[in-house]
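Model the following, please.
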Amino acid sequence: MKQSGRCGLSPWHFEIVDYISFMIKECTVIYNGDCPVCSREIDVYRDRVTKAGGSLGFVDLNRVDLGAFGLTADDAARRLYVVRGDELLSGVDAFLLLWHETPGFQWLARGVGLPGVRQIAGLVYEWVLAPALFALHNRRQARAARGA
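Alright, predicted model coming up:
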């Protein structure tokens, strides 16, 4: 599976051809269902996509063979992933794709996809949010291993 740092849409403007080809491809979101923050957020997206009859799929990393996506358990727990065709998107690029596919969140994808904003969002996600959520994940796992 090819890993990509881009979600297929130009961050500077939306070309109609890119947008059409982007919308007809099926996507699958890989998320951590054991993370309370992650699962609540994904529930919002899944509800909106389901009500709109969208084709976006959602899989809990704890209940799927991650090797099929070319991921390890640690890789998958470190950040959000979206699979689109043979592409594996992660981090902010995965969120941009998720928001574009989720009714009512396209405005957020457009805003975060702007030049400068995208780079800042990427830094905040990779250096603050994702590590904090991963640390909480590791704590939950350690507690479960101790039987607490």
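
Could I get the full set of strands for this protein?
Taking DSSP state E as the test, the strands found in the chain are 2-4, 27-31, 57-60, 81-84, 87-90.

Let's have those strands in TSV, adding mean pLDDT and distance to residue 113.
For the C-beta atoms, the positions are set from N, CA and C on the backbone; glycine is no exception. Output for those, formatted as TSV (pLDDT from 0 to 100; distance: least, C-beta to C-beta, whole Å):
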stretch	mean pLDDT	distance to residue 113
strand 2-4	48	15
strand 27-31	95	16
strand 57-60	95	22
strand 81-84	96	14
strand 87-90	96	13
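
In CSV: those strands, plus mean neighbour count and distance to residue 51.
Formatted as CSV, the strands of the chain follow (neighbours: other C-beta atoms under 10 Å; distance: least, C-beta to C-beta, whole Å):
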stretch, mean neighbour count, distance to residue 51
strand 2-4, 12, 29
strand 27-31, 22, 16
strand 57-60, 17, 14
strand 81-84, 22, 20
strand 87-90, 21, 24
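
Make a markdown table out of those and add distance to residue 145.
Conversion of the strands of the chain to a markdown table gives the following (distance: least, C-beta to C-beta, whole Å):
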| stretch | distance to residue 145 |
| --- | --- |
| strand 2-4 | 30 |
| strand 27-31 | 22 |
| strand 57-60 | 19 |
| strand 81-84 | 24 |
| strand 87-90 | 26 |
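
pLDDT averaged over stretch 110-125 - what is it?
For stretch 110-125, the mean pLDDT works out to 97.

what's the span of that stretch from first residue to last?
Its start and end residues considered, stretch 110-125 measures 17 Å (C-alpha to C-alpha, to the nearest Å).

how long is stretch 29-36 end to end?
16 Å.

if I pick residue 126, what's in contact with it?
79, 91, 92 (C-beta atoms under 8 Å, 6 or more residues apart in numbering).
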